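here's a sequence, model it:
(2 chains)
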Amino acid sequence: AQTVTQSQPEMSVQEAETVTLSCTYDTSESNYYLFWYKQPPSRQMILVIRQEAYKQQNATENRFSVNFQKAAKSFSLKISDSQLGDTAMYFCAKETSGSRLTFGEGTQLTVNP
Amino acid sequence: EAGVAQSPRYKIIEKRQSVAFWCNPISGHATLYWYQQILGQGPKLLIQFQNNGVVDDSQLPKDRFSAERLKGVDSTLKIQPAKLEDSAVYLCASSILQRRIGAFFGQGTRLTVV
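This is a model prediction of the structure:
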């Protein structure tokens, strides 16, 4: 079974600082897609950023960027200039063949004022 | 564009009762998913539809859970009879299979079985 592992159940950061959330995964595929989702208390999963495995360049979306290490099967999320609204549960997910998403267990991020 | 709609937002039932959840995906999205998210865990796929056909229901507890997607649009997930361990958030999501841009989620239904 394909697995996605997030080893940090909880993290906190001061407002305006930078934080990195870790994710590792297991796969035998050569091309696949990786995602980070944010889930605030409203429960709606919001797509933060997407990475295609065959692309060497790390994806960026405004304050969010990833460090994708394909050989190490590592996919970390960096949030720069953290804002109070970034407080949420963050899930790393891998898209399996057939477009099914396998999620990690999540990291609860708290941004402190 | 309207997002994925789910109802109800909350439901409390007694064990052994039945319950149904409804989902309306984003217009034009042929793929629809139902995920179960137990408190403190990541979502786990229950069933995936492509149009009105089932692609994957290997994790669906078929003795008590059922799902349908009539006409390839709306979908209903039913639990009958419910158990205490079914208490969770049930998330519906939709996507365009070929584009591989991830799935778009609804706000979910929080089910409490007492």
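
CA atoms for contacts and neighbours, from now on please.
OK.

okay, now the unreliable bits of the chain?
Going with chain A. Scanning chain A for pLDDT under 70 picks out the ranges A:1-2.

hm, I was asking about chain B
Segments of chain B classed as low confidence (criterion: pLDDT under 70) are B:1, B:98-99.

tell me the centre residue of chain A?
A:W36 (3.4 Å; C-alpha atoms, centre = their mean).

and what about that residue, helix, strand or coil?
Going by DSSP: H, G, I helix; E, B strand; the rest coil, the secondary structure assigned to A:W36 is strand.

can you count the residues close to residue 74?
Just so you know, I chose chain A. 17 (other C-alpha atoms under 10 Å in any protein chain shown).

other chain: chain B
18.

check A:Q56 too.
By other C-alpha under 10 Å, 11 other residues sit near A:Q56.

would you list every one of the strands in chain B?
Ranges of strands in chain B, per DSSP state E, are B:5-7, B:10-13, B:19-24, B:31-37, B:44-50, B:53-56, B:65-68, B:75-79, B:88-95, B:104-105, B:109-113.

surely A:Q14 and A:D86 touch.
No: using C-alpha atoms under 8 Å, A:Q14 is not in contact with A:D86; the gap is 11.1 Å.

shared neighbours, those two?
Residues within reach of A:Q14 and of A:D86 at once, by C-alpha atoms under 8 Å, 6 or more residues apart in numbering or on different chains, are A:V111.

in the particular helix or strand that has A:M11 in it, what's buried?
In the assignment (DSSP states H and E), A:M11 maps to strand A:10-14. The neighbour-count criterion (16 or more other C-alpha atoms under 10 Å in any protein chain shown) identifies A:V13 as the buried residues of strand A:10-14.

how much space between A:A53 and chain B?
Per C-alpha to the nearest C-alpha, to the nearest Å, A:A53 is found 12 Å from chain B.

same question for A:G98.
Computed as C-alpha to the nearest C-alpha, the A:G98 to chain B distance reads 8 Å.

tell me the contacts of the residue lying closest to that residue once chain neighbours are set aside?
Once flanking residues are discounted, A:G98 sits nearest to B:L97: 7.8 Å by C-alpha to C-alpha, 6 or more residues apart in numbering or on different chains. B:L97 sits next to A:G98, A:S99, B:A30, B:T31 when contact means C-alpha under 8 Å, 6+ apart.

quick one: which of those is most hemmed in?
B:T31 (26 neighbours).

how about the strands in chain A?
A:4-5, A:10-14, A:19-21, A:24-25, A:33-39, A:46-52, A:60-61, A:64-69, A:74-79, A:88-95, A:101-103, A:107-112.

before we move on, back to that, out of the strands of chain B, which gets nearest to chain A?
With respect to chain A, and counting by C-alpha to the nearest C-alpha, the nearest of the strands of chain B is strand B:104-105 at 5.7 Å.

how distant is that closest one from the center of its chain?
11 Å (C-alpha atoms, centre = their mean, to the nearest Å).

repeat for stretch B:21-35
Relative to its chain's centre, stretch B:21-35 lies at 8 Å (C-alpha atoms, centre = their mean).
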